[in-house]
Structure formats: structure tokens, C-alpha cells
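Chemist: Make a model of this:
(6 chains)
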There are 4 protein chains.
Amino acid sequence: MNIHSPSLFTKLPVMSDKKKRILQATEKLLAEYGFHGISMQMVAKEAGVATGTIYRYFEDKDDLLHQLHDHILSYVAHKISQNISDDMPLQQRFRTMWLNIWNMATEDDAPLINRGQFENLPRRKCHEQRLLEKKMFAQVDQLFEEGKACGLFKELDNEILSVLSLETSACLARKHINGVYKVSDADLESAIQASWDAILQH
Amino acid sequence: MNIHSPSLFTKLPVMSDKKKRILQATEKLLAEYGFHGISMQMVAKEAGVATGTIYRYFEDKDDLLHQLHDHILSYVAHKISQNISDDMPLQQRFRTMWLNIWNMATEDDAPLINRGQFENLPRRKCHEQRLLEKKMFAQVDQLFEEGKACGLFKELDNEILSVLSLETSACLARKHINGVYKVSDADLESAIQASWDAILQH
Amino acid sequence: MNIHSPSLFTKLPVMSDKKKRILQATEKLLAEYGFHGISMQMVAKEAGVATGTIYRYFEDKDDLLHQLHDHILSYVAHKISQNISDDMPLQQRFRTMWLNIWNMATEDDAPLINRGQFENLPRRKCHEQRLLEKKMFAQVDQLFEEGKACGLFKELDNEILSVLSLETSACLARKHINGVYKVSDADLESAIQASWDAILQH
Amino acid sequence: MNIHSPSLFTKLPVMSDKKKRILQATEKLLAEYGFHGISMQMVAKEAGVATGTIYRYFEDKDDLLHQLHDHILSYVAHKISQNISDDMPLQQRFRTMWLNIWNMATEDDAPLINRGQFENLPRRKCHEQRLLEKKMFAQVDQLFEEGKACGLFKELDNEILSVLSLETSACLARKHINGVYKVSDADLESAIQASWDAILQH
DNA sequence: AATGAATGAGCGTTCATTCAT
DNA sequence: AATGAATGAACGCTCATTCAT
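Modeler: Here you go, the predicted model:
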């Protein structure tokens, strides 16, 4: 199998230009002003459309935020799977994913996730949503399945393995960004190793 | 040293009845409707006081949320340190703390923490705040320090050790409560062991 | 030079219908309830628009009152200069202005000035504002300058001459309207003569 | 007859200490923060009494302001009549009154009048109020009556004479204080003379 | 399809007034 | 008589949503 391609984004070209601009504007404003600080008027202005136009593409504000959540989620899934191929050794794949998460949360081009605003976005609770997420993070699932199959990983559900190892990356990045605690490069390596230790069969 | 006593709450009896009711109402509503869904009028109604009364005890909405944050934080610190004494073996202390977090997040009397709304409460960024938090989680720090001193734990900052091991408990509990993934008793034991593995010197 | 034309009002036709209605409503309510008795809701209701609509045309309540002040000021300047031409004898010009003020304050279509609420409207203190006022009352200034030039009037600053002679008209009108004292036609003639005496070189 | 004595204030000693403190506090705050900026709570705090206490002495806020109006009015009447005795020549009496008004409005000890806040105080419109005012300004009336009796002044009602001559002092002082126009000492003398000219039989 | 003026319910907050103590 | 905590209506203002164009 090859390096993961952004197939999740194939729906994007179908998306009208205006709709994309609205979503991007929302993301930018959310990162800049936080959840409280944005209004539909602001989004419209930033996107360069009329207020009413937003309602052609989104049912209401909640829907806009829902769709932004999905939009970002697919971006995240894409980013996590970057530079991963099936023939890489398990630990290297793990390390790459861990750093993908760290970099994404730490870099400037994903300002929303940095600020912890993403978690606050209203999520649809429905079943399809869960299935979608499952599909998006197929690469992660595959990693865990393979690790368990060869007796390397603990025999736990992927959800739990994910919390034990990868969630740590996001959690640490959040603290790093918030300024709560500055993580050095050496810290980073140790944290990756420790996350690996957590899921390893000892 | 003895079992941790709820000394952090000695200020609570001094707190006026009304103020406590307002804080509790806010917590409940926050859990129910989330950060963006509550208004001062709702809080007042839920607390059974007049709108203006809130402003007798809190400067403004931000102050109310700040104080709620502090209030919950001290509750959390208290809960985490429950049933911990210095002469318990390290692993037992760790296990107890891990479960303290799990139970707290899982039980009904701490509805806010369950929903992950707590993290998003506005925090005061000042230095004193950080010191206070440090003091509150003294038991956690002591555990990590002792573990490192006897060569049992990895030589990492307590903040990182905390993310690697205890944060896992909260994260898992959140998913459990949200219905994202149901954690069985066996899962729980495995997760505790895995969290322990994460910080252990291998 | 010809009779003063209402050139100051050329901007009015440009003004949106809603904005004009809001200003008129504000003026009416100000006259009826005074400065402290009006709310934005009342203005909206009186103007027949929604509350939010006011904020489309005015930044905030202060801005509304400022603009009303300017609006009325230009109306006053216009009214004062009515039926004045440069070739009229000085005393006739004075008499006309004096009566212009009296009539304006006494008639029904300028309810605000009647009640002395106008003076208390918040004013912008900036320099441009002062220049604007100067320009608006050019006719008044010209009268005083000519009077001084030909040795008829006392050698005093126009501001003082204005207080001594024309302010009297406004002051008397205010008392007349307030019912404090009813001014007869004979009184009026005497008052005009006395105002004239005040600035005359004796 | 002797120098005017503060007979109008004989009711003051009867006034309770608390009531006086409340009135003084109100005056001070009115001068400092203007009409908009004071609340009953502020008045109570400034006066050093409980909020509820105000309502023992004043029916409501309107009543407090009414009574303050009366209080200040009697102060003004007292000030105007200062240093006036019946045997002084008319013009000297006039000049003294004119300057009494000017000084009062210009000095620091009557901060309220300076700011034009006094005029805005709600006034009772009733007949008794008018009689009271009449009585308070007896000295002014007497001046005008004597002037008319000896053929010196124009045969006009005292109200009109007052507007023509003394009101000028207040009006000028207002502009002086507001910074609209700075009045020099020479201006002052000229203005007094002009005010005198206004009411004089020519 | 797109606009943006208009809407009005609802926000956070204030404050004149009351009343149990 | 005096207190001050409590009240809740009303404030200035915002903003998600609608609809005539």
C-alpha cells in the first residue's frame, strides 16, 4: 500500500466555492476570537459573502459548526495518516503518527486545534457520525490490529489503546501550546517511548 | 501521615448558602447545556435566587466561572487524594489515585467533569493560580517524586508523568460517560496496568 | 446677498427614512420625558422600528444623542437666519433674528428646544464641532461685526454680545413655554428693545 | 435694614444629621459624576448610611432630587442676597447681585451649579413651589420694584427684568465654566454695564 | 442564487426599592 | 430607627435568523 492520499477530501472539490470560504472563515475566526467571539455577521464578512448566503449552505449556526467539526476531523484524520505506509515497521508507524498529532497541534496551520476550541464544537451524536470517524482513522486501527496480531500490543480494544498512547500526544501538545508546561525535544522522545511502553505487552 | 482530610473545604462552611447554591446551579447547568448554553438568568432561576443576587457574590459572569473552576479544582484535588496515605506502597497509591479519578468522573455527583466542560472554563492565568494548583495536587507530586527517587519511574517532569498515566483515567472516563466506548471492569484493570507501564522504568 | 437658503439641510434627503424617523422619535420623547426618561426601546417603539435597527444607524445611545444635537443645531442655525438679507438695516435684522428664535422655541414643531433639554444633550467637545457651529451662525456673527464696525454696538466679543441680546430671547421663550411666566405681545416688543439696548453703545 | 441673614436656612438645624449628610452626599456625587452616574447605593455609601435609611427621609429618588433642588435653590437665594443692604444705591446693589451670581457659579464651593446639573434636577411644578421661589428672591424683586418706582428701570414685569439682566450673569458663567468662551475681567465689567443698560429706561 | 436591512428575543448587568432583622 | 441583602424590572446592546428585493 502506498503513502496515504487525501482521499477524504475528494468531496471538497464538489463543495461550492462559497461554502468552502464560509467554512474557512469560520475556522479562522474561531481560532482568533474563540467560541464566544464570533457571529454570523463576522463569518459572512470574513468570507466575503452576505449574511443570508450562509443560510443557503448551512441550516443554522449549529449546522455550520457541526460541518466545521466534520471538516476539521477529516483534516485531522488525513494529517495523522501522513507519511504512513503499510510496510513500515510498527514502531516507526507509531512514532510517525504520534509526531503527526504533535506537529499538527503545534504548528500554525491548524490554529483551531491548538486552542482547544475544536473539542468544544458541537458534535452530532448519531451513529453514522461514529461510523464516519471509524473509517477516517482506519490507519490507526490497522496499526493497533497488527500490533495485537503479532503479540506485541496488549489485548485491548483499539479505543483504549488509542487513549493510552496517542491521546497522550494531543494532551501534551495542548499543555505545551497553552503554556502550562513547555515540552523539550528530549521530553518529546521520552514521551513517545513511554506511550509505546503503555500499550506494549510486557 | 494520615489519610488525606478534606482541609481544602474548610472555607466552604464560611461560604454563604446563596453563593453555594449559585455555584451548584452553574455546575449543573454547565453539565446539562454546555458552556455556551447558559445565561445568568438561567443560573439565577436554577439557584432559586434573583438575577441581581448573583452579582452580590460574583463580580460578573467571568468571575462566576472562574470561581466555579477553582471550586471544582479543589474538589478534584480533594477527591484524588482520598484514601491515600504516605505509607502505602507506591503502586497501591497510584492505583487508588487512578481509580479516584475514574470514580469521580464516573459518579453522578460530579456531572461537570464528566462532560469535559471543566477544561474549557475560563482560567485565571496568574502565577498564584499555578502555585495553588501545585499545592492542591501535592499528593500526586509526592507520588511521582518518590517513584523517581527509588529508580522506579522514568526521569521525567511530573507534568509529563501525569499526562502519561493519570490523564488517561480522565480521558477514558470521559469516553465512557459520553457513550463513545463502554469500559468493562477488566478493561479498567488493564488500563491501570498500562498507565503504570507508561511511567515505569523498563 | 439673498435670503438665507436651507443649504445646511441638503444632506437630509440623503438620510434614510428610518434614520430620520429615529431622530424625530428621539426628539419627541426627549421633549416629553426629558433626558433621563427615555430608553432605546422607547425610541424604537416611537419610531416604529425594531430596537436593533437603531444600531444600524447609530453606534450607541451617545451617538444617537450627539447626532440629534447636531441635527437640531443645524435646524436652529437655519431658522435663526431665516428672512435675513444683508441689505436689511441692522436693527431690523436683529429684530428678525430675535423673533426667529422666539418663534422657533414657541412653535410646536420644535418641541425639544422649548424644554431646555437641548442644552443638556451630550456634545462632542472636539475642535471641528466648534468650527461647524461658528459657520452655522455666520449670519449672527456678521450682524455683530457690522454693528461694531459702524460704532453702533459695544466693542465686545460676539459670544458676549450674543448672550446679552439673543440668549434673552431663548431664555424668555423657555419660561413662556414652561408656564413660569406668560409673555404678552407688548412684553415681547419691550424685551426686543431691551435686548437691543443691552448691546448698544450708549 | 441690615445685611441679609440666612433666615432661609433656619429649617436646616431642625433637619436630622443623617438627612443633611444624604443631601450633601447627593450634591457632591451629582457634581462629580453627573446625573447619570449616581445611584442610591452610591449616595448611601458617600453619606455613610445604609441604603434603606435614605427611604426614611425621602419618599423615593425623585423626592431626594426635588428636595436637593429646593435645598440648592435656597442656597442660591441666600448667596444672591449676600452683602446687599437696602440703603445701598440701586446700581451698586445690582452690581453686587450680578457678581454674586457670577462668583457662585464660578467658585468651587457650588460645584453643582457650575456643571449645569442643577437645571436638570426634577422640579415640582406646583403653585407652592412658585410662591417659595418668589419669597426666596425677595431681594431681587425689591431691587426691581424700587428701580421701577423711581423711573430708572423699564416698566416690565420682574421676571422679564430678571431675564434681561441677571440671567445674563448665569448664562455667561456657564459658558465660562464650560470652556466655551473665556471671560476676562474687562469683559465682566462690560457685561455688567450692558446688563444694566438692558433694563434701564433710555 | 444572493443580498443585507430589518427584526426582536435574549443577553449581561444595574439599581430603585423593599423588608426581615 | 437603621440596616443591607435581596429583589426583579428595565436598561443598553447583540446577533441568529428572515425576507423583500
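
Chemist: Ranking helices and strands of chain A by mean pLDDT, which lands last?
Modeler: For chain A, scoring each helix and strand by mean pLDDT, DSSP states H and E identifies helix A:111-114 as the least confident one, at a mean of 55.

Chemist: Helix or strand next in line after that one, which one?
Modeler: Using DSSP states H and E, the next helix or strand after helix A:111-114 towards the C-terminus is helix A:127-136.

Chemist: Quick check: buried residues in that following helix?
Modeler: For helix A:127-136, the neighbour count (16 or more other CB atoms under 10 Å in any protein chain shown) marks A:L132, A:M136 as buried. Where you see a C-beta, it was placed from the backbone N, CA and C, and this is true even at glycine.

Chemist: do stretch A:35-48 and DNA strand F meet?
Modeler: Yes - interface with DNA strand F: stretch A:35-48 contributes A:I38, A:S39, A:M40, A:Q41 (CB under 7 Å from any atom of the strand).

Chemist: A:R174 contacts A:M104, correct?
Modeler: No - if you go by CB atoms under 8 Å, A:R174 and A:M104 don't touch, sitting 11.9 Å apart.

Chemist: can you list the residues of chain A near DNA strand E?
Modeler: A:S16, A:K18, A:V49, A:A50, A:T51, A:G52, A:T53, A:Y55, A:R56.

Chemist: ok but A:V43 is inside a helix, no?
Modeler: Yes - under DSSP: H, G, I helix; E, B strand; the rest coil, A:V43 sits within a helix.

Chemist: So A:H36, which state does it fall into?
Modeler: coil.

Chemist: contacting residues for it?
Modeler: Contacts for A:H36 (CB atoms under 8 Å, 6 or more residues apart in numbering or on different chains) come out as B:H36.

Chemist: All the strands of chain A, in order from the start?
Modeler: With strands called from DSSP state E, chain A shows none.

Chemist: Spell out the residue ranges of the helices in it.
Modeler: Counting by DSSP state H, chain A has these helices, from start to end: A:17-33, A:40-47, A:51-57, A:61-80, A:90-106, A:111-114, A:127-136, A:138-149, A:158-178, A:185-199.

Chemist: from those helices, which stretch is densest packed?
Modeler: Among the helices of chain A, helix A:158-178 has the highest mean neighbour count (mean count of other CB atoms under 10 Å in any protein chain shown), at a mean of 22.

Chemist: Is chain B within reach of that one?
Modeler: Yes - using CB under 8 Å from any CB of the partner chain, we find that helix A:158-178 touches chain B at A:E159, A:I160, A:V163, A:L164, A:E167, A:T168, A:C171, A:L172, A:K175.

Chemist: per-residue pLDDT, the fourth one?
Modeler: What it means is A:L164. The model reports A:L164 with a pLDDT of 97.

Chemist: give me every residue that touches the closest residue to it other than its chain neighbours.
Modeler: Spatial nearest neighbour of A:L164, chain neighbours left out: A:A198 (4.4 Å); criterion: CB to CB, 6 or more residues apart in numbering or on different chains. The contact partners of A:A198, by CB under 8 Å, 6+ apart, come to A:L164, A:S165, A:T168, B:L164, B:T168, B:A194, B:S195, B:D197, B:A198.

Chemist: show me the contacts for the closest residue to the fifth one other than its chain neighbours.
Modeler: Pointing back at B:T168 there. Distances taken as CB to CB, 6+ apart put B:S195 closest to B:T168, at 4.8 Å, once the chain neighbours are dropped. Contact analysis of B:S195 by CB under 8 Å, 6+ apart lists A:L164, A:A198, B:F94, B:W98, B:L164, B:S165, B:L166, B:T168, B:S169.
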